[in-house]
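Peer 1: Pasting the sequence and the predicted model now:
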Amino acid sequence: MEEDVWKKAKSNAANAMRNSDWVQWIHEGTGFATTQAERDLRIVWEALSGKKHCAVCMNLSGCCFPRNNMPEYPLHPNCHCKTEPIGAITATARCRESKVKGWIFNPSVPNGKKELFYEWGYSIIDKDWLISEYIRQGKEKYERGDFTLHKLNEYGQQINIIIELPRKDRIGTVTFTSGWMVYPNGVIELVTGFGRR
């Protein structure tokens, strides 16, 4: 009985260690699309090739995921993709100013986000701090594998990361989901600064 418990514990530990490994998605014969413009070209290429090449697979090429939190592999019959173990990653998180200034605090965009951030005590003067905080939390959580897979389509894989901000209007914090696009070599970029609470 005690030996069975020990074997199970060792097996669980081995699985946890194996599942913490990262892999890089590789579509054979395709380089890495590191910008949205390059990804858009892959979509055109798929159409021109009569769908002989899969834009989803091509736009995943080079992207990194923990083995236990990655897109389904293989993605489809006759998939030319493979995954290569890479151990751990050092991530880079990107957040364009337009995602905060132009979307959250834009007075002409009736999305309700500006009002929520105002309610929490934030305004446009906090944009630089918010950008740095999105980058910090996005990087740390992606490196830990602390994200959920979201939409996967011909543009690539989106992930959701929970962001926690201190309230400026009173004691406490607010948490909400942010959306990120995964790019090759451990790069993620913010696409949705506030998805849902």
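Peer 2: That came through fine.

Peer 1: these two touch, right, Ile86 and Gly62?
Peer 2: No: using CB atoms under 8 Å, Ile86 is not in contact with Gly62, being 10.8 Å away. No exception for glycine: its C-beta is placed from N, CA and C like everyone else's.

Peer 1: residues in contact with Arg167?
Peer 2: Taking CB atoms under 8 Å, 6 or more residues apart in numbering, we find Arg167 in contact with Trp120, Gly121, Thr173, Val174.

Peer 1: OK, contacts around the first one?
Peer 2: Right, the one you point to is Trp120. Leu165, Arg167, Lys168, Asp169, Val174.

Peer 1: What helix or strand is the spatially most central residue of the chain located in?
Peer 2: Nearest to the mean C-alpha position of the chain, counting by CA atoms, centre = their mean, stands Ile159 at 3.6 Å. Ile159 is located in strand 156-166, with elements delineated by DSSP states H and E.

Peer 1: What subset of the contacts of Trp120 is buried?
Peer 2: Those of the contacts of Trp120 that meet the buried threshold are Leu165, Val174, by 16 or more other CB atoms under 10 Å.

Peer 1: farthest-separated two in the contacts of Trp120?
Peer 2: Leu165 and Asp169 (11.4 Å; CB to CB).

Peer 1: Would you mind confirming that Asn106 is in contact with Lys127?
Peer 2: No: using CB under 8 Å, Asn106 is not in contact with Lys127; the gap is 11.2 Å.

Peer 1: what is in contact with Ile86 and Gly62 at once?
Peer 2: Residues touching both Ile86 and Gly62 (CB under 8 Å, 6+ apart) are Gln24.

Peer 1: The two - which one has more neighbours?
Peer 2: Applying other CB atoms under 10 Å to Ile86 and Gly62 shows that Gly62 carries more neighbours, namely 21 against 14.

Peer 1: Return the residues in contact with the nearest residue to that one once chain neighbours are set aside.
Peer 2: Distances taken as CB to CB, 6 or more residues apart in numbering put Pro184 closest to Gly62, at 2.7 Å, once the chain neighbours are dropped. Contacts for Pro184 were tallied using CB under 8 Å, 6+ apart; they are Gln24, Phe32, Ala33, Thr34, Ser61, Gly62, Cys63, Cys64.

Peer 1: go on, Leu130?
Peer 2: Taking CB under 8 Å, 6+ apart, we find Leu130 in contact with Val100, Ile104, Tyr122, Leu165.

Peer 1: which non-adjacent residue is nearest the second one?
Peer 2: Using CB to CB, 6+ apart and skipping residues adjacent in sequence, the residue nearest Ile104 is Lys113, 4.8 Å away.
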